[in-house]
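# model this:
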Amino acid sequence: MNNLTLLALDTSTEACSVALLHRGETTSLDEVAQRTHTKRILPMINEILSQSGIKLNQVDALVFGRGPGSFTDVRVEAGIAQGLALSADLPVIPISNLAAMAQAAYQQYQAEQVIAAIDARMNKVYFAQFSAQKVRSDFGEFLQWNEIIAEQVCSAETALNQLNKLQGHWVQVGTGWAAYPQLAEAVIGKKSDIALPSAQYMLSLAIPLWYKKQVISAVEIEPVYLRNEVTWKKLPGRE
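Residues are numbered from 1 along each chain as shown. Next up, the predicted model:
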């Protein structure tokens, strides 16, 4: 695993982050850069690669947060990921932003049951419930996140109703809990300070996918909005 080099990026929310796994070590850069993602993400990528003394074409795969998140931010990220992967001929590993926050809860709080809710505006949240499962393989033991409640965009009330029969010890992540009174006041699980996804936690989820060869090409990139009324167009000539 020390020979594996992965570059991860995420601009799906107001957070902007990049992370690099190289020679067994992880480095990351995180900023809150709402409305300035396009100006910040490429300099951040150049900085983290420069710090490690490598170039983009020396990376084994590009990891990106495929959503859900803001329509504009997810679209920007998919376009940047597609352009970078095409320019350096890199395979791509898409990662759920909600699962990345669940992974953050595991690494920070040892949480194995996580409820994720990101504010989607207009009384909506991007929402999912995850349970961790430790999986052994030829390349080591890794954590796999199983969806108990599938990723969706729904009202705060609907999210709350789906959790009425919740049992066990759960950790809450995401901006959705504080955004709406009905969620903020609900006593469901342990609150955490994990508000937004970060690229560094996507690396942990991407490693087993790399070894299982679950990668895609740049032209196969499909952002996940969870809203039926939006569409994604690939780069010109790549439809």
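# For the rest of this, base every contact and every neighbour count on C-alpha atoms.
Fine.
# Run through the neighbouring helices and strands of the strand or helix carrying Leu29.
Per DSSP states H and E, Leu29 falls inside strand 25-32. In this structure, strand 25-32 makes packing contacts with strand 15-22, helix 37-52, helix 199-211, judged by 3 or more Cα pairs under 8 Å, 6 or more residues apart in numbering; DSSP states H and E.
# Let me know which of these is tucked in deepest.
strand 15-22 (a mean of 24; mean count of other Cα atoms under 10 Å).
# pretty sure Glu147 belongs to a strand, no?
Yes. Assessed by DSSP: H, G, I helix; E, B strand; the rest coil, Glu147 belongs to a strand.
# who touches it in this structure?
Ala128, Gln129, Phe130, Ser131 (Cα atoms under 8 Å, 6 or more residues apart in numbering).
# Pull up the gap between it and Lys39, please.
34 Å (Cα to Cα, to the nearest Å).
# Could I get the full set of strands for the chain?
With strands called from DSSP state E, the chain shows them at 6-10, 15-22, 25-32, 61-65, 92-95, 113-121, 124-137, 140-155, 171-173, 190-191.
# Please produce TSV containing the ones you listed, extended by distance to Gly83 and mean pLDDT.
Below are the strands of the chain laid out as TSV (distance: least, Cα to Cα, whole Å; pLDDT from 0 to 100):
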stretch	distance to Gly83	mean pLDDT
strand 6-10	13	97
strand 15-22	16	96
strand 25-32	21	94
strand 61-65	11	97
strand 92-95	11	98
strand 113-121	27	95
strand 124-137	27	93
strand 140-155	27	93
strand 171-173	31	96
strand 190-191	37	91
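# wait, which of those is closest to Ala179?
strand 113-121 (6.4 Å; Cα to Cα).
# partners of that closest one in the sheet?
Using DSSP bridges, the strands paired with strand 113-121 are strand 124-137 (antiparallel), strand 171-173 (parallel).
# Give me whichever of these is most buried.
strand 171-173 (a mean of 25).
# how far does that strand sit from the chain's center?
15 Å (Cα atoms, centre = their mean, to the nearest Å).
# just to revisit the earlier point, right, so of the helices and strands packed on strand 25-32, which gets closest to Ala179?
strand 15-22 (16.3 Å).
# How far off centre is that closest one?
11 Å.
# Can you list the neighbours in contact with that strand?
By Cα under 8 Å, 6+ apart, the list of residues contacting strand 15-22 reads 2-11, 26-34, 37, 40-41, 44-45, 48-49, 52, 196-200, 203.
# Of the helices and strands packed on strand 25-32, which is nearest Ala111?
helix 199-211 (13.8 Å).
# Next, the angle from the closest one to strand 124-137.
Helix 199-211 runs at 50 degrees relative to strand 124-137, counting by axes from the mean of the first three to the mean of the last three Cα atoms, to 10 degrees.
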